[in-house]
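[1] My questions concern the predicted model and sequence given below.
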Amino acid sequence: MIKVKNATKRYNKTAKPAVKDISFQMKSGEFIYLIGPSGSGKSTLLKLLSKEVTLTQGSIQVDNIRVEKINTSKLYVLRRKLGVVSQEDIFLPQQTVYQNVIFALQAVETNYQQIKERATAVLSQVGMLEYSEQLIENLSIGQRKKVAIARALVNQPLLLIADEPTANLDVKSAVEMMKLFLRINEMGTSVMIATHDSTMVNSIRKRVIELSNGEIVRDDKFGGYTRFSDPKDVYVW
Ligand code: ADP
């Protein structure tokens, strides 16, 4: 479903590449953790998939789309295949949870009943249905993250991408978040998560791709125990 071949990204000519000659494939239904120290290229790799940043060299295929070849007018076709939960969740703050979720859907779906059904289904999936009429600004960080996930799922993407989704969450909320990603994956959506969260990586064992200085230094299909170099990332659950 995703094929990344010799992908390199340089933000400018003089800097070292943020992502360097990366190749891997992801099958439909897979769950991948992308790990590595800060600055190792995780966010860049995720942004290359959605063409938020453009490749310098190499190729990326998402389903039947060659990302480096698609032109701007067709980007929406690519973006609909991907549900993205970025580090900064940008919402319409004065609007309700429900309005924020349907905002993403209104551009594609015009049938009011269908919009309502989809929004209700994803809000229920993330456990936020009872908060539908709350304003975003009244929610906790963890609740906002769940709304961001609902919004990312509303167009029924093939792949859900999340960049550090458990950052800033307490352990209880982080565990809840982990279980949510697992359920989403079990329902058929592929999931790719960039994370520092060793608890998550070591308690729900899934494929681990580790980056260092923009290169893949490990691709462990069976998600063996992962040692984290940064002591602040290691906490026992
Ligand atoms: P990670 O997500 O693992 O922390 P990033 O992909 O954010 O890593 O960063 C990889 C490298 O690319 C870093 O050296 C970072 O400084 C650089 N980088 C990231 N974004 C930009 C940008 N917009 N412009 C220039 N350099 C960038």
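    Ah, there it is. Residues are numbered from 1 along each chain as shown.
[2] okay, CA-based contacts and neighbour counts for the rest of this
    Fine.
[3] Buried residues in the helix or strand of the chain with the lowest mean pLDDT, which are they?
    Each helix and strand of the chain was given a mean pLDDT (mean pLDDT, DSSP states H and E); the minimum falls on helix 198-203 at a mean of 83. For helix 198-203, the buried set under the neighbour-count rule, 16 or more other Cα atoms under 10 Å, comprises S198, T199, M200, V201, N202.
[4] and of the residues you listed, the nearest to the ligand?
    Looking at the buried residues of helix 198-203 and their distance to the ligand, the nearest is S198, at 14.9 Å (Cα to the nearest ligand atom).
[5] how deep is the nearest residue to T166 once chain neighbours are set aside tucked in, by neighbour count?
    Nearest residue to T166, sequence neighbours excluded (Cα to Cα, 6 or more residues apart in numbering): A174, at 5.3 Å. Here the number of neighbours of A174 (other Cα atoms under 10 Å) works out to 19.
[6] On the three-state scheme, A174 is what?
    Three-state call for A174 (DSSP: H, G, I helix; E, B strand; the rest coil): helix.
[7] circling back to that earlier point, out of the buried residues of helix 198-203, which are close to the ligand?
    Among the buried residues of helix 198-203, proximity to the ligand is found for none (Cα under 6 Å from any ligand atom).
[8] could these go into a markdown table alongside distance to A162?
    Formatted as a markdown table, the entries for these read as follows, by distance: Cα to Cα, whole Å:
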| residue | distance to A162 |
| --- | --- |
| S198 | 16 |
| T199 | 16 |
| M200 | 13 |
| V201 | 14 |
| N202 | 18 |
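[9] ok, D170 - how many residues close by?
    When counting by other Cα under 10 Å, one arrives at 11 neighbours for D170.
[10] pLDDT wise, what is it at?
    Note on D170: pLDDT of 88.
[11] Please report how far it lies from E52.
    Computed as Cα to Cα, to the nearest Å, the D170 to E52 distance reads 30 Å.
[12] what's the answer for E186, then?
    Here E186 is placed at a distance of 27 Å from E52 (Cα to Cα).
[13] Count the neighbours of V101 for me.
    Taking other Cα under 10 Å as the neighbour definition, V101 ends up with a count of 28.
[14] OK, contacts around it?
    A119, V147, A150, R151, V154 (Cα atoms under 8 Å, 6 or more residues apart in numbering).
[15] Save those as CSV, and put in neighbour count and distance to the ligand too.
    Supplementary listing: these in CSV, determined by neighbours: other Cα atoms under 10 Å; distance: Cα to the nearest ligand atom, whole Å:
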residue, neighbour count, distance to the ligand
A119, 28, 30
V147, 29, 22
A150, 29, 23
R151, 25, 22
V154, 22, 25
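[16] Next, check these against the helices and list the overlap.
    Among those, the residues falling in helices (DSSP state H) are A119, V147, A150, R151.
[17] quick one: contacts for the first one?
    Just to be clear, that refers to A119. If a contact means Cα under 8 Å, 6+ apart, then A119 has Y98, V101, I102, A150, V154 as its contacts.
[18] Give me the pLDDT value at the closest residue to the third one other than its chain neighbours.
    Put plainly, it is I102. Residue nearest to I102 in three dimensions, not counting chain neighbours: A119, with 6.2 Å by Cα to Cα, 6+ apart. The predicted local distance difference test score for A119 is 95.
[19] ditto for the one 5 residues further on
    We have a pLDDT of 96 for S124.
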